[in-house]
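Peer 1: Provided below for reference: sequence and predicted model.
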Amino acid sequence: MTRITILWHRRDLRLSDLPALTAARKNGPVIPVFIRERKVDALGAAAAWRMGLSVEAHGRELEGVGSRLILRSGNALEVLRALVKETGAEAVYWSREYDPVSRERDSEVKAALRDDGVEAKSFPGKLLWEPWEVKTGQGTPYKVFSPMWKTMKGEEPGEECPRPRELAAPTSWPASETLEDWQLGAAMQRGADVVARHVVVGEKAAQERLREFVKERMHNYPKGRDLLAERWTSGLSENLTYGEISPRQCWNAAEGEGSETFRKELAWREFGWQLGFHFPHMFEREWREEWSRFPWKDDERAAEVKAWKQGRTGVEVVDAAMRELYVTGTMHNRARMIVASYLTKHMMTDWKVGRDWFADTLVDWDEASNALGWQWTAGCGPDAAPYFRVFNPASQAEKFDARGQYRARWLGRGEAARSFFAAVPERWALTPGEDRPSKPVVGLAEGREAALNAYAERDF
């Protein structure tokens, strides 16, 4: 006997190495579904737009194996119950998420469906190891990355689940909504056409991106990954965000020179989700409780903050990075640390202001990595940079953009720099050549001194 299984997709938009799909196929016909529910509606402009592209690409992949992706919107439990009733499905499977909102939603769904007599089961797929599997010698969660990495690097995440050549279909398909009606990219406005030139969408493209990185660039990854103007990073954060590729596939593909450093970066992503699972307050407030009393400035409408968002601080490398973000939807990781330090230390602005801006503008936005990265730089997080470490944008640029190519690319007169003005909202009224101040809105020396004085006077 066979039974129909609903495969509830979230951030696992792929066919290969997907344990939930492998298990569902064993039951018989599979009905893949993606639900536009509250987590999707809460996404920032760039993330929602990019999610739509991933959903569209996954739909095509499913058609290639004789299946299709059903789109529904509404409360997740209500949608799934309706689909069970319409299709006669006896099971609902999904890949786990680990943030507090998703965990609460999934627990509610699982309990209610089981009460209805439906098998409801969750599977791994987002991480290399489940958060409860990686522990210290005392059986507690890791709070520091280095010992966690020491443990992880000696482990293997196991074999990948095979990609199906075909999926058994039900005798009839339930009705589906359309992506066009959802308008997930509406908030991107005219910026969508610009950012679209830079994204790499879908499972097949992600696999090709991984192969090309391993073959062409991994060998120089340890040295080259910090060079702002050069292309030595993998770019896979975008694809990992939407589950177009699994971290296990990335880990297993890494071999030879540079592979350990690359795997270490995968482990840092893992660290963020381990912390977010065990200490969910990290997503919303300071990891170190004493830092909640620090006198951050939190006015996101302040002139200085507006200048930071628009790449108009007068600090070349900061402005170049913020414009790269608006044009491509991503930002070089070294640049992320530089702009975060300038906002939280030179400007003394609450890290959550930066977190929220990245959540709205990054196509590779990852809730745990974003919170961890901002708190690390601000000094209030786990494994944080010491409070007295204030990145000097000028020396960072000299070290990691010695010939000024990165700054010229985004602040010069070439196509990349011009595309910034085509992407930004018209209400910003920015004009090339007149858009940046002649001197920094916060001087590097004075900003550093003010930050250190504030830290020295802190009451904790």
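Peer 2: All right, it came through fine. Numbering: from 1, shown residues only.

Peer 1: Okay, the most centrally placed residue in the chain and residue 240: tell me how far apart.
Peer 2: By C-alpha atoms, centre = their mean, the chain has its centre lying nearest to residue 366, at 2.4 Å. Distance, residue 366 to residue 240, using C-beta to C-beta, to the nearest Å: 8 Å. All C-beta spots, glycine's among them, are computed from the backbone N, C-alpha and C.

Peer 1: Can you pull the residues that touch both of these two?
Peer 2: residue 269 (C-beta atoms under 8 Å, 6 or more residues apart in numbering).

Peer 1: Isn't residue 106 up against residue 96?
Peer 2: Yes: here residue 106 reaches residue 96: they are 7.3 Å apart, a contact under C-beta atoms under 8 Å.

Peer 1: Mutual contacts of these two, please.
Peer 2: residue 122.

Peer 1: if you go through the stretch 51-200 of the chain in chain order, where are the helices?
Peer 2: 76-87, 100-115, 145-152, 179-182, 191-195 (DSSP state H, counting those that start in this stretch).

Peer 1: For residue 326, which of the ones you listed is the nearest?
Peer 2: Proximity to residue 326 (C-beta to C-beta) singles out helix 191-195 among these, at 7.0 Å.

Peer 1: can you give me how far that closest one is from the chain middle?
Peer 2: Here helix 191-195 is found 19 Å from its chain centre; the criterion is C-alpha atoms, centre = their mean, to the nearest Å.

Peer 1: Give me the residues contacting the next helix-or-strand element following it.
Peer 2: Once the chain leaves helix 191-195, the next helix or strand it forms, by DSSP states H and E, is helix 203-216. When contacts are defined by C-beta under 8 Å, 6+ apart, helix 203-216 is touched by residues 13-16, 57-58, 61, 200, 234-236, 239, 244-245, 249-250, 253-255.

Peer 1: What of stretch 118-130?
Peer 2: 11-12, 17-20, 23, 84, 89-98, 106, 109-110, 113-114, 152, 155, 157, 243, 246-248, 251, 266-267, 270, 273.

Peer 1: Quick one: buried ones out of these?
Peer 2: 11-12, 17-20, 23, 84, 89-98, 106, 109-110, 113, 152, 157, 243, 246-248, 251, 266-267, 270, 273 (16 or more other C-beta atoms under 10 Å).

Peer 1: So which of these sit within strands?
Peer 2: 91-95 (DSSP state E).

Peer 1: Make CSV from these and add pLDDT and distance to residue 381 to it.
Peer 2: Formatted as CSV, these follow (pLDDT from 0 to 100; distance: C-beta to C-beta, whole Å):
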residue, pLDDT, distance to residue 381
91, 98, 40
92, 98, 36
93, 98, 34
94, 98, 30
95, 98, 27
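
Peer 1: From those, pick the one nearest residue 305.
Peer 2: Checking these against residue 305 by C-beta to C-beta gives residue 95 as the nearest, at 36.7 Å.

Peer 1: May I see the domains of the protein written out as residue ranges?
Peer 2: Following automatic domain parsing, one gets these domains for the chain: 1-125, 188-279, 281-456.

Peer 1: Show the average pLDDT along the shortest one.
Peer 2: pLDDT averaged over domain 188-279 equals 97, rounded to a whole number.

Peer 1: Off-centre distance for it?
Peer 2: Centre to centre, stretch against its chain (C-alpha atoms, centre = their mean), the figure for domain 188-279 is 11 Å.

Peer 1: Quick check: end-to-end length of that domain?
Peer 2: Terminal residues of domain 188-279 are spaced 32 Å apart (C-alpha to C-alpha, to the nearest Å).

Peer 1: With the longest one instead?
Peer 2: Start-to-end span of domain 281-456 (C-alpha to C-alpha) is 26 Å.

Peer 1: same question, stretch 113-123
Peer 2: Stretch 113-123: ends 16 Å apart by C-alpha to C-alpha.

Peer 1: Show the average pLDDT along it.
Peer 2: In the prediction, stretch 113-123 has an average pLDDT of 98.

Peer 1: What of stretch 287-303?
Peer 2: For stretch 287-303, the mean pLDDT works out to 90.

Peer 1: so what's the closest residue to residue 231 other than its chain neighbours up against?
Peer 2: Nearest residue to residue 231, sequence neighbours excluded (C-beta to C-beta, 6 or more residues apart in numbering): residue 217, at 7.2 Å. Contacts for residue 217 (C-beta under 8 Å, 6+ apart) come out as 224, 231-234.

Peer 1: Which SSE is immediately downstream of the biggest strand by length in the chain?
Peer 2: Counting residues, the longest strand found in the chain (DSSP E) is strand 30-36. Downstream of strand 30-36, the next assigned helix or strand under DSSP H and E is helix 38-41.

Peer 1: can you pull the buried residues of that following helix?
Peer 2: For helix 38-41, burial by neighbour count (16+ other C-beta under 10 Å) applies to 39-40.

Peer 1: hmm, back to that, what sits against the residue nearest to the centre of the chain?
Peer 2: The neighbours of residue 366, taking C-beta under 8 Å, 6+ apart as the test, are 237, 240-241, 269, 272.

Peer 1: Now intersect those with the helices, please.
Peer 2: 237, 240-241, 269, 272 (DSSP state H).

Peer 1: CSV for the helices of the stretch 51-200 of the chain, including distance to residue 392?
Peer 2: Below are the helices of the stretch 51-200 of the chain laid out as CSV (distance: least, C-beta to C-beta, whole Å):
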stretch, distance to residue 392
helix 76-87, 47
helix 100-115, 36
helix 145-152, 24
helix 179-182, 45
helix 191-195, 30
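
Peer 1: Quick check: which of those is nearest to residue 44?
Peer 2: helix 191-195 (12.2 Å).

Peer 1: Sounds good, over and out.
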